[in-house]
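Visitor: have a look; sequence and predicted model below, questions after that.
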Amino acid sequence: METNKQPIIGYLPNERPAWGRLILFAFQQILVMFPATVLVALLTGFHISTTIFASGFATLCFILITKGKIPLFYGSSFSYIAAIVGITAVQNFGDIAPDNLIGQAQFGIILSGLVSIAAGLIITRFGPEKIEKVLPPVVTGPIAMIIGLSLAGTALTQAAGYSAGTGSQAASWIVALITLVAILFLTVILKKGVLSQLPLLLGIGIGYVVAIVATYVFGAGLIDFSGVFAQAVITVPHFTLPIPSWTAVFAIMPIALATIPESTAHLYQLDLYVNNLAREKGAKPYPIADKLGINLIGDGVGDMVSALVGGPAGTNYGENISTMAITKNFSIWVLGAAAIITMILSFFTPLANLISTIPSAVMGGASVYLFGVIGAQGIAIMIEKKVNLFSAKNLGIIAVILVIGIGGAYGFPNGSIEIFGAHLPAIATASIVGILLNILLSLAEKIGTKPVKKTE
């Protein structure tokens, strides 16, 4: 007697959804990228519309460079914030830096892109196994964990409405919890059909409706539509040109060394989930982890083209990877469409302003899940790669990375560790220390296992 097997829901990188679904999936990717990318612009003094355009433009360039083989979305990176603020010198949240200071930061970001490109070329020439010795799963796993967990505070402050500065805190918590619970239940309940691939978009939509009701029925003040049409319908983003500055180069360029482990961790996460779907579908494996070299080259190109038009430095976004992992939708077509729509949004002011009306509480509820999934993916990397958690060396590396990354993120302003007069980004510092510890402890382990020669 034959049993009817349920079709496997999900899209592999080369698969294209129907056009209507593709647009819906693309908007879902935009929504999860939008808050963090805009927040970086607000913190660093860059123009919001330009930052949004740069994100989409860099994503398209990344897709072209990698020949559509790596489904990742490029967004503004938090790792560079302290270094960029040191150049743009913004004092208050939301201030716009002068063009000449933005231009100097652009120059530093462009040259930092060369670091990723150089690393990618080395890996392409000598093989990914070389980088595996420097960036084994015992390093990339914890890095992925701290990327997610270091953002946990952001998720909860958004949920409480602190980052918005307006509205009732009690109402913010209620809206955030409803959004979170809606997403959680939708991911579990929806098993087939197009809706099963839209739990985040639907959950954010439910939270948005609740926020509207809370605002206009109960006076919670969570949403303000007055600014949607306050500007011209079509506005060209404020593009700026790079201005040579070696001060900016020395401040920003070193951060690129620390984003390489972050990008590597993201790629290994992606490889894990894409190939799990490929196995479920009975498809051929996708050797995504083997494309680390071209991935880093694409990252570097993304930084360079973003900075050329006046956008901040970036990275492939963990939020978008989480969304793909949750929905099992890794279609390059979806990400390409999201990139194009993002670029259009940067010109079409009312639509961008409308997305900006999504309350902090709604995105906070969604972020609790998204950022937690990023952390969980770090655990998945170590499990999949069979990292020995009873090894003294491995435990030491993991412990130090977690404490520096998470402790630095929460113990110091802007997540920058103050040491010997320097301000070191927590995630970047944890990554570099983890890499060095792995090299040194591996050497120590070899010395410790050498047999001692007996003397007569």
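Guide: Ah, there it is. All figures in this text were calculated on a predicted structure; none of them were measured in a lab.

Visitor: give me the neighbour count for the residue lying closest to L272 once chain neighbours are set aside.
Guide: Among residues not flanking L272 along the chain, E384 sits closest, at 5.5 Å (CB to CB, 6 or more residues apart in numbering). Just so you know, the C-beta spots here come from the backbone N, C-alpha and C atoms, and that holds for glycine as well. For E384, the neighbour count with other CB atoms under 10 Å is 17.

Visitor: these two touch, right, E384 and Y273?
Guide: No - between E384 and Y273 there is no contact under CB atoms under 8 Å: 10.1 Å.

Visitor: that older thread, roughly how far apart are the residue nearest to L272 and A289?
Guide: Note on E384: its distance to A289, by CB to CB, to the nearest Å, is 10 Å.

Visitor: tell me where the stretch 1-150 of the chain has helices.
Guide: All helices of the stretch 1-150 of the chain, identified by DSSP state H, counting those that start in this stretch, fall at 19-44, 48-65, 81-88, 99-126, 128-134, 137-149.

Visitor: to L198, which of the ones you listed lies closest?
Guide: helix 19-44 (6.0 Å; CB to CB).

Visitor: quick one, the closest one and helix 81-88 angle?
Guide: 60 degrees (axes from the mean of the first three to the mean of the last three CA atoms, to 10 degrees).

Visitor: angle of helix 19-44 against helix 99-126?
Guide: Going by the same axes, to 10 degrees, helix 19-44 is angled at 120 degrees with respect to helix 99-126.

Visitor: give the buried residues for the helix or strand that A376 is a member of.
Guide: For A376, the host element (DSSP states H and E) is helix 360-384. For helix 360-384, the neighbour count (16 or more other CB atoms under 10 Å) marks 360-375, 377-378, 380-382, 384 as buried.

Visitor: next one: stretch 221-232
Guide: Neighbour-count burial for stretch 221-232 [16+ other CB under 10 Å]: G221, L222, I223, V228.

Visitor: so which bits of stretch 330-345 are buried?
Guide: By neighbour count on 16+ other CB under 10 Å, the buried set for stretch 330-345 is 330-339, 341-343, 345.

Visitor: for the record, mean pLDDT for whichever strand or helix holds E262?
Guide: Using DSSP H and E, E262 sits within helix 255-281. What helix 255-281 shows for mean pLDDT is 84.

Visitor: repeat that for stretch 99-109.
Guide: Averaged across stretch 99-109, the pLDDT comes to 94.

Visitor: in PDB, list the C-alpha atoms belonging to that stretch.
Guide: Listed in PDB are the C-alpha atoms of stretch 99-109, where the atom choice follows Å, rounded to 0.1, in the frame of the first residue of the first chain:
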ATOM      1  CA  ASP A  99      29.700  65.500   3.600                       C
ATOM      2  CA  ASN A 100      33.400  65.900   3.900                       C
ATOM      3  CA  LEU A 101      33.500  63.700   7.000                       C
ATOM      4  CA  ILE A 102      31.300  61.100   5.400                       C
ATOM      5  CA  GLY A 103      33.600  61.200   2.400                       C
ATOM      6  CA  GLN A 104      36.600  60.500   4.500                       C
ATOM      7  CA  ALA A 105      34.800  57.500   6.200                       C
ATOM      8  CA  GLN A 106      33.900  56.300   2.700                       C
ATOM      9  CA  PHE A 107      37.600  56.200   1.700                       C
ATOM     10  CA  GLY A 108      38.500  54.100   4.800                       C
ATOM     11  CA  ILE A 109      35.600  51.700   4.000                       C
END
